[in-house]
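Visitor: Give me the fold of what follows.
(chains A and B)
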Amino acid sequence: MIIKIFLTLFFAALIVLIVADILYELNLGYFATLVLKLGDDVLLLSFALLLISGMMFFSKQIAENLKRYFSATERAQRRAFFSIAQHRYLQQLLASKKQQILYFATLKKQALLHKNDKKQAALLAKAVLKELQRHKTHLSEIEFKNYRQAIKQAAAQQKIEVLLNLQQNISTFK
Amino acid sequence: MSQLNSWLLSLFSVFHSAKTENLKWQQQHQHTQQQLKSAQILAEKALEIELKKRTVQLAHDIDLLTTENQTQLAMLKIKCQQDIKDYKQYLNSLDQLKLSIQKSYAHLPEAVAFTIHHHAKQLLNQMWEEENFQDKMQLEMQLLKFMTTVHEEARLFLEGNTIENLPEKTLALIQNKSH
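Guide: Purely as a prediction, here's the structure:
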């Protein structure tokens, strides 16, 4: 209906403008100005009407969409989706928390092992150094220093196997 | 002017005929349209009820899952704490094992006691890191057998019930393992 009125007004404005042009051609300037003003107003009115109808159309659309968004079905759907997401989140949370617990347990175990390794390496290094001291007479000063350095280095790096090999080597000196 | 008039009239007649057609179609399908509309309303209502039921069910499931998760996590935490405690005890036992050898076989070079201790610790770590339950059990048995052998030999030597100057059985076990 609004479109129909718009079209009518639009064509009417065009006709009025043509009439104004004709009046201008006939040297009826005063009437031509009046008719031209009328044509302008009618054209403006038609476009204003179109604009208002467009705004009304969009407002109606927005209102309908809002109504739909807050409808009971949509609300229930959103609530269901939220619950599904929460369910999935809880499952993922469990997996990550389990990983976290296992990770901290591994760290604790490694700390215990490291502490024990350090203690044993220090004790073994002490024993090997004692053994080296006993065989000092069978070694040159440089060899003695090298062995002592190797023992200290292995103890610092907690290399028990290296210390055991050094002990075996030293015990063979006569 | 008359041509413009006739053109406008024909335009309006086209418009009116289209409108009449539309009205006729609306009249013909009014019943179907109403049926569809009521069917849509019913379907929406049914969907809403179904969704509400599903939400309630999901909320219940979430409650259950939360409780279950909390229990699982608490159990895992206790298990890990127990594992760490066991590991610490194992390490202490191995230290005791070494002291026992050193005490019993005073004449032995200290490296032997450390080798035995090192071997036992390797067994312990292998057992701890094994993920297959059967293999883990097997390694635990191996470790226990090793520790028992060491203690038994040390005890026999200390009591003077053996003629061997070395923990031969223990060393044999280490040899077997390394080959």
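Visitor: Going by C-alpha atoms from here, please, whenever you check contacts or count neighbours.
Guide: Fine.
Visitor: which secondary structure elements does the lengthiest helix in chain A contact?
Guide: Counting residues, the longest helix found in chain A (DSSP state H) is helix A:72-134. Helix A:72-134 sits against helix A:141-156, helix A:160-171, helix B:30-104, helix B:110-129, with contacts defined as 3 or more Cα pairs under 8 Å, 6 or more residues apart in numbering or on different chains; DSSP states H and E.
Visitor: Tabulate the ones you listed in a markdown table, adding columns for distance to residue B:138, mean pLDDT and mean neighbour count.
Guide: Formatted as a markdown table, the helices and strands packed on helix A:72-134 follow (distance: least, Cα to Cα, whole Å; pLDDT from 0 to 100; neighbours: other Cα atoms under 10 Å in any protein chain shown):
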| stretch | distance to residue B:138 | mean pLDDT | mean neighbour count |
| --- | --- | --- | --- |
| helix A:141-156 | 32 | 90 | 16 |
| helix A:160-171 | 25 | 86 | 18 |
| helix B:30-104 | 16 | 93 | 15 |
| helix B:110-129 | 8 | 88 | 19 |
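Visitor: which non-adjacent residue is nearest residue B:174?
Guide: Nearest residue to residue B:174, sequence neighbours excluded (Cα to Cα, 6 or more residues apart in numbering or on different chains): residue B:119, at 7.0 Å.
Visitor: Got the domain ranges for chain A?
Guide: Per the record, chain A has its domains at A:2-70, A:110-171, by automatic domain parsing.
Visitor: near chain A, which residues of chain B show up?
Guide: Counting by Cα under 8 Å from any Cα of the partner chain, chain B comes close to chain A at B:44-45, B:47-48, B:51-52, B:54-55, B:58-59, B:61-62, B:65-66, B:69, B:73, B:76-77, B:80-81, B:84, B:87-88, B:91, B:110-111, B:114-115, B:118.
Visitor: what's the spacing between the residue positioned nearest the centre of chain A and residue A:159?
Guide: By Cα atoms, centre = their mean, chain A has its centre lying nearest to residue A:89, at 16.3 Å. Residue A:89 sits 45 Å away from residue A:159, going by Cα to Cα, to the nearest Å.
Visitor: any idea how far residue B:58 is from residue B:52?
Guide: Distance from residue B:58 to residue B:52, by Cα to Cα: 10 Å.
Visitor: Can you check which residues contact both of those two?
Guide: Applying Cα atoms under 8 Å, 6 or more residues apart in numbering or on different chains, one finds that residue B:58 and residue B:52 are jointly contacted by residue A:80.
Visitor: Stretch A:147-155 and chain B in contact?
Guide: No. Applying Cα under 8 Å from any Cα, one finds stretch A:147-155 separated from chain B by no less than 13.3 Å.
Visitor: Now do the contacts for residue B:125.
Guide: Shown in contact with residue B:125 (Cα under 8 Å, 6+ apart): no residues.
Visitor: Tell me how far the residue nearest to residue B:174 lies from residue B:97.
Guide: 12 Å.
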